[in-house]
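Engineer: The following comprises the amino acid sequence and a computationally predicted model.
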Amino acid sequence: MSDSSYIKSLHHIKIGKTVVISEFRAFGELGFGEDLNNGTALGSGSSYEYLRAGFSKKIFNNIDIKVHFESKLNNHSKDNNELQINTKYTF
């Protein structure tokens, strides 16, 4: 497999909203999509619903915390769920 070859493409459409609550920045996204194998027509792949939500906060002016949950709800196979927690410290 070379750098320019691929076997699958992912297409999704999503809408989202970001709000600031107190010192937290919260966001959410909803959408749907389709996984397509190389060479197949749009509409012939595996469809899924998409959900992503999370928040970020800055603490003491030098620590950033970002947390988000992402879920890909597949119609014909296992769901994919992911929780990410990112921290960044600035000296």
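Structural biologist: Done, it's in.
Engineer: So what pairs up with the nearest residue to residue 59 once chain neighbours are set aside in the strands?
Structural biologist: Nearest residue to residue 59, sequence neighbours excluded (Cβ to Cβ, 6 or more residues apart in numbering): residue 65, at 6.6 Å. Every residue, glycine included, has its C-beta placed from N, CA and C. Taking DSSP bridges as the rule, residue 65 bridges to residue 57, residue 87.
Engineer: Just the strands from this protein, written as ranges.
Structural biologist: 8-21, 24-37, 46-59, 63-74, 80-89 (DSSP state E).
Engineer: Please spell out which residues along stretch 74-81 are buried.
Structural biologist: For stretch 74-81, burial by neighbour count (16 or more other Cβ atoms under 10 Å) applies to no residue.
Engineer: no no, stretch 44-58
Structural biologist: Residues of stretch 44-58 classed as buried under the neighbour-count rule (16+ other Cβ under 10 Å) are 45, 48, 50, 52, 54-55.
Engineer: Stretch 14-28 now?
Structural biologist: For stretch 14-28, by 16+ other Cβ under 10 Å, it's residue 28.
Engineer: List the contacts of it.
Structural biologist: Residues outside stretch 14-28 that contact it (Cβ atoms under 8 Å, 6 or more residues apart in numbering): 29-33, 50-58, 68.
Engineer: which two in those residues are spaced the farthest apart?
Structural biologist: Within those, 32 and 58 form the most distant pair, 32.9 Å apart (Cβ to Cβ).
Engineer: hmm, back to that, gap between the residue nearest to residue 59 and residue 57?
Structural biologist: 5 Å (Cβ to Cβ, to the nearest Å).
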